[in-house]
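Participant: Provided below are the primary sequence and the corresponding predicted coordinates.
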Amino acid sequence: MFSRRVPASLDPTPLAVAVHQLRAAGTPFIDLTESNPTRVGLRYPDALLDALRDPRGYAYDPQPLGLLEARQAIAEEYARRGVGIDPSRVMLAASTSECYSFLFKLLCAPGDAVLVPQPSYPLFAYLTELDGIDGRPYHLARDAGWSFDVAAVADAIDDRTRAVLLVAPNNPTGTRIHRAALAELGAVCAARGIAVIGDEVFADYLLELDRGSDLAASVLDQSDALTFSLGGLSKSVGLPQLKLGWLAVNGPRHIVDDALARLEIVGDAYLSVSSPVQLATRSLLRKGASVRAQIADRVLLNYRVLVEMVATYPACRVPPVAGGWSAVVQAPAVMPDDLRALEILRDQGVLVHPGHLFDFERDGYFVVSLLPPSDDFRAGIGRVLGTLDRS
């Protein structure tokens with residue numbers, strides 16, 4: 001009865017069952033997978049949401065690409081990061097996930113393929129399946145610190161490939177992309193007539209503070225290939241509940257113009273973004289800067305704590321993470337990661353992600369969120385490392 005775009009089985013994993021049982025019983029545990037910024041004790045300004053009361057929100061003025069003043073505010077947000085983009089090249093959506101869906105509709109017919117990084121966040125498998133396209137992996141270079149490998153991308157391209165997805169910083173490896181690699185990727189994609197889609201939701205959260213000029217500020221820094229940059233309020237100011245994402249476009253002018261004209265048709269079919277949040281966009285970005293600063297301080301502090309603590313456990317290591325909200329802990333692969341994560345939860349009362357959730361190719365990797373309150377983070381990591389080091 002149901003399509004192949006949705007899972008055939010809805011059976012939860014043993015780890016998910018164990019988490020549900022602990023919560024149902026009211027048993028406390030330290031959640032080192034928490035990625036919701038509204039649940040980790042951040043201070044949100046009292047007047048942050050006042051702009052949602054703008055009386056203009058009572059009027060309905062549907063704009064397929066989004067209201068111009070909101071798109072101008074997004075262009076200003078890019079400028080804050082040192083990236084120039086005209087507001088006419090910005091489109092709004094309800095989330096970055098919806099941005100992906102819009103772009104898949106723009107670029108792909110059913111059965112076409114997009115290339116996705118591996119390891120990376122598991123959402124891509126769901127998004128590609130829901131749009132009836134094939135998400136095919138290209139591998140980040142594990143032996144080079146999970147660096148972006150243009151040769152791996154080029155090798156994965158075939159006649160059905162329509163776009164290359166990259167996440168910078170990548171979740172969870174923290175991979176960023178160097179200018180030379182970005183230029184090479186742009187040339188490869190332009191020659192093959194395929195697009196570049198860059199997920200830059202974590203661009204403000206740098207951990208290994210290498211701000212050298214050789215690192216690209218955005219995928220928009222190259223213009224050889226049709227290129228899209230994605231962002232949203234969820235990460236930029238810690239407001240996932242307000243449901244606003246965006247994409248910005250760069251590339252050869254005639255291709256960009258054609259893409260925007262077609263995106264306008266896609267957007268007109270959905271008109272998913274509410275007027276109040278669009279009218280409030282500039283205010284939310286300005287007043288939410290204090291939330292962004294708290295998140296940046298929190299994740300950097302927790303990352304430094306993690307590196308410091310892991311250094312005292314010879315069997316474990318933290319691969320360098322350039323940015324984002326997550327970090328990877330590597331330990332001896334004495335059992336499958338999902339079983340080990342279940343053991344850690346039951347014996348130590350700490351929840352971590354097994355590496356296979358992010359498509360690590362071998363056991364021995366665990367992913368932790370850097371968002372939890374620092375006292376909880378330190379306590380949880382101490383329990384986890386003690387378990388991993390004894391194995």
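Facilitator: Structure received.

Participant: low-scoring stretches of the stretch 151-300 of the chain, by residue?
Facilitator: 209-213 (pLDDT under 70).

Participant: From the contact counts, what lies against the longest helix seen in the chain?
Facilitator: Among the elements of the chain assigned as helix by DSSP state H, the one spanning the most residues is helix 289-310. With contacts taken as 3 or more C-beta pairs under 8 Å, 6 or more residues apart in numbering; DSSP states H and E, helix 289-310 sits against strand 326-330, helix 374-390. Placement of C-beta: from N, CA and C, glycine included.

Participant: If we use 10 Å, what do you get?
Facilitator: Judged by 3 or more C-beta pairs under 10 Å, 6 or more residues apart in numbering; DSSP states H and E, the packing partners of helix 289-310 are helix 233-236, strand 326-330, strand 365-369, helix 374-390.

Participant: And the last one, what's buried?
Facilitator: Looking back up the chat, that one is helix 374-390. Using 16 or more other C-beta atoms under 10 Å as the burial criterion, the residues of helix 374-390 that qualify are 376-385, 387-388.

Participant: so it versus strand 326-330, what angle?
Facilitator: 20 degrees (axes from the mean of the first three to the mean of the last three C-alpha atoms, to 10 degrees).

Participant: If you count neighbours, what's buried in stretch 261-279?
Facilitator: Of the residues in stretch 261-279, those with enough neighbours to count as buried (16+ other C-beta under 10 Å) are 263, 266-267, 273, 275-279.

Participant: what separates the longest helix of the chain from the chain centre, distance-wise?
Facilitator: 17 Å (C-alpha atoms, centre = their mean, to the nearest Å).

Participant: Now render the helices and strands packed on helix 289-310 as TSV, adding distance to P45.
Facilitator: Compiled in TSV, the helices and strands packed on helix 289-310 are given as follows (distance: least, C-beta to C-beta, whole Å):
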stretch	distance to P45
helix 233-236	14
strand 326-330	26
strand 365-369	24
helix 374-390	21
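
Participant: mean pLDDT lowest for which of the ones you listed?
Facilitator: Comparing mean pLDDT across the helices and strands packed on helix 289-310, the lowest value falls on helix 374-390: a mean of 90.

Participant: Specify the local secondary structure of L345.
Facilitator: For L345, the secondary-structure state derived from DSSP: H, G, I helix; E, B strand; the rest coil is helix.

Participant: Next up, the contacts around it.
Facilitator: With contacts taken as C-beta atoms under 10 Å, 6 or more residues apart in numbering, L345 has the following neighbours: 14-15, 18-19, 22, 29-31, 351-352.

Participant: try 8 Å
Facilitator: 15, 18-19, 22, 29, 351-352 (C-beta atoms under 8 Å, 6 or more residues apart in numbering).

Participant: right, and out of those residues, which lies closest to A217?
Facilitator: Distances from A217 to those, taken as C-beta to C-beta, are shortest for V352 (31.9 Å).

Participant: distance of that closest one from L239?
Facilitator: The span separating V352 from L239 equals 26 Å under the rule C-beta to C-beta, to the nearest Å.

Participant: Neighbour count: the two, which is higher?
Facilitator: The residue with more neighbours, out of V352 and L239 and counting by other C-beta atoms under 10 Å, is V352; that gives 25 against 22.

Participant: doesn't T33 make contact with that one?
Facilitator: Yes: proximity of V352 to T33 meets the contact threshold set by C-beta atoms under 8 Å, at 6.6 Å.

Participant: who touches both of these two?
Facilitator: Between them, V352 and T33 have 367-368 as joint contacts when contacts are counted by C-beta under 8 Å, 6+ apart.

Participant: mind listing what's buried in stretch 106-114?
Facilitator: 106-108, 112-114.

Participant: Dump those into JSON lines; add distance to A216 as well.
Facilitator: Formatted as JSON lines, the buried residues of stretch 106-114 follow (distance: C-beta to C-beta, whole Å):
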{"residue": "L106", "distance to A216": "23"}
{"residue": "L107", "distance to A216": "22"}
{"residue": "C108", "distance to A216": "25"}
{"residue": "D112", "distance to A216": "27"}
{"residue": "A113", "distance to A216": "25"}
{"residue": "V114", "distance to A216": "20"}
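
Participant: in the longest helix of the chain, what's buried?
Facilitator: By neighbour count with 16+ other C-beta under 10 Å, helix 289-310 contains the buried residues 290-292, 294-295, 298-300, 302-303, 305-307, 309-310.

Participant: likewise stretch 186-200?
Facilitator: Judged by neighbour count (16+ other C-beta under 10 Å), stretch 186-200 contains these buried residues: 186, 188-190, 194-200.

Participant: if I look at Y44, how far off is A289?
Facilitator: Between Y44 and A289 the computed distance is 12 Å (C-beta to C-beta).

Participant: How about I197?
Facilitator: The gap separating I197 from A289 is 27 Å, by C-beta to C-beta.

Participant: How about I133?
Facilitator: Counting by C-beta to C-beta, the gap from I133 to A289 is 37 Å.

Participant: Over to P7?
Facilitator: As defined by C-beta to C-beta, P7 lies at a distance of 39 Å from A289.

Participant: So T27 lies in a helix, does it not?
Facilitator: No: residue assignment for T27, taken from three-state DSSP, gives coil, which places it outside any helix.

Participant: With H20 as the reference, measure out to it.
Facilitator: Counting by C-beta to C-beta, the gap from T27 to H20 is 11 Å.

Participant: now swap in A190 and tell me
Facilitator: Between A190 and H20 the computed distance is 48 Å (C-beta to C-beta).

Participant: coming back round to it: any idea which of the buried residues of helix 289-310 is the one closest to D86?
Facilitator: R292 (24.0 Å).

Participant: contacting residues around the closest one?
Facilitator: Under the criterion of C-beta under 8 Å, 6+ apart, the neighbours of R292 are 204, 236-238.
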